[in-house]
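Trainee: show me the folded form of this:
(one chain, ligands or ions: 2)
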Amino acid sequence: MSDRRRRIGVMGGTFDPIHHGHLVAASEVQSWFDLDEVIFVPTGQPWQKSDREVSPPEDRYLMTVIATAANPRFKVSRVDINREGPTFTIDTLRDLAATYPDADLYFITGADAMAAILTWRDHRELFELAHFVGCTRPGHEMNESTLEGLPRERVTLVEIPALAISSTDCRARVHSGEPVWYLVPDGVVQYIGKHGLYEPHEHTTKDAS
Ligand code: ATP
Ligand code: MG
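Mentor: Ligands and ions are numbered 1, 2, ... in the order given. Below you'll find the predicted structure:
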């Protein structure tokens, strides 16, 4: 048995819904860094998305569990959902660092999130708590200028197979009756249908009355 420190990937996201872009990014980084596991952490109320209604945390959590269930290295954490108030990545990393004091954390982001990191709360401390892995994402450029101001020894850029999938697009598709098969895992398609997520408002109101 090797005595190297445990390596844990952390994949934060709203996951509204989780899609294959998230799963491929997590799988690629797991393999790239030989991570022992990747923990998906659905946000509580995301501070950057207060302009739109986000699905209930429990739905996003369950879709994430369904999507990751088959992979023995994937886990899902409730740490952000259980914390009161809006989610900040610094709190996610502090909590996970306290839970796993003997592990090295690798925070996985897409190019769009990577480019925004300097706007995140306590961004200097973020890099003390985790190594950051920026994954390529279609439509979002990531190059040396994206990394300006970031501690380069704590950031790695990884090219992953391009999947032009976003949760925004998946929600819009369901809303207008288009399919999301093969964009999200089958169980997630079924969960969305069963719970009527992302359907036009008229429908929800009708059901509730
Ligand atoms: P939304 O459109 O609602 O913002 P999203 O598709 O961007 O959803 P998030 O939950 O916001 O998904 O993203 C969580 C993380 O996954 C972010 O770091 C984001 O950059 C990354 N990510 C999302 N989709 C992809 C993709 N297709 N390829 C690579 N990374 C992705
Ligand atoms: Mg996003």
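
Trainee: only C-alpha atoms for contact and neighbour calcs from this point on.
Mentor: Noted.

Trainee: near ligand 1, which residues of this structure show up?
Mentor: 12-15, 21-22, 25, 109-113, 135-137, 163-168 (Cα under 6 Å from any ligand atom).

Trainee: select only the buried ones of those residues in PyMOL?
Mentor: Selection of buried members from the residues of the chain next to ligand 1 for PyMOL, criterion 16 or more other Cα atoms under 10 Å:
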select buried, resi 12+13+14+15+21+22+25+109+110+111+112+135+136+137+163+165+166+167
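
Trainee: quick one: which of the residues of the chain next to ligand 1 sit in strands?
Mentor: Members of these lying in strands (criterion: DSSP state E): Gly12, Gly13, Thr109, Gly110, Cys135.

Trainee: and Pro86, bridged to which residues?
Mentor: Beta bridges link Pro86 to Gln45, judged by DSSP bridges.

Trainee: what about it, distance to ligand 1?
Mentor: Note on Pro86: its distance to ligand 1, by Cα to the nearest ligand atom, to the nearest Å, is 15 Å.

Trainee: and Leu62, how far from Thr109?
Mentor: As defined by Cα to Cα, to the nearest Å, Leu62 lies at a distance of 21 Å from Thr109.

Trainee: can you check Gln45 too?
Mentor: Distance, Gln45 to Thr109, by Cα to Cα: 18 Å.

Trainee: what does stretch 145-153 contact?
Mentor: For stretch 145-153, contacts defined as Cα atoms under 8 Å, 6 or more residues apart in numbering pick out Met114, Ala115, Leu118, Phe127.

Trainee: quick one: buried residues of it?
Mentor: For stretch 145-153, the neighbour count (16+ other Cα under 10 Å) marks Leu147, Leu150 as buried.

Trainee: ok, stretch 57-73 next?
Mentor: For stretch 57-73, burial by neighbour count (16+ other Cα under 10 Å) applies to Pro57, Asp59, Arg60, Tyr61, Leu62, Met63, Thr64, Val65, Ile66, Ala67, Thr68, Arg73.

Trainee: so what's the first one up against?
Mentor: Pointing back at Pro57 there. Going by Cα under 8 Å, 6+ apart, Pro57 touches Pro42, Thr43, Gly44, Gln45, Ile81.

Trainee: generate a ChimeraX selection restricted to the buried subset of these.
Mentor: Burial among those is assessed by 16+ other Cα under 10 Å; the matching ChimeraX selection reads:
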select :42,43,44,45,81
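
Trainee: farthest pair in the contacts of Pro57?
Mentor: Pro42 and Gln45 (9.5 Å; Cα to Cα).
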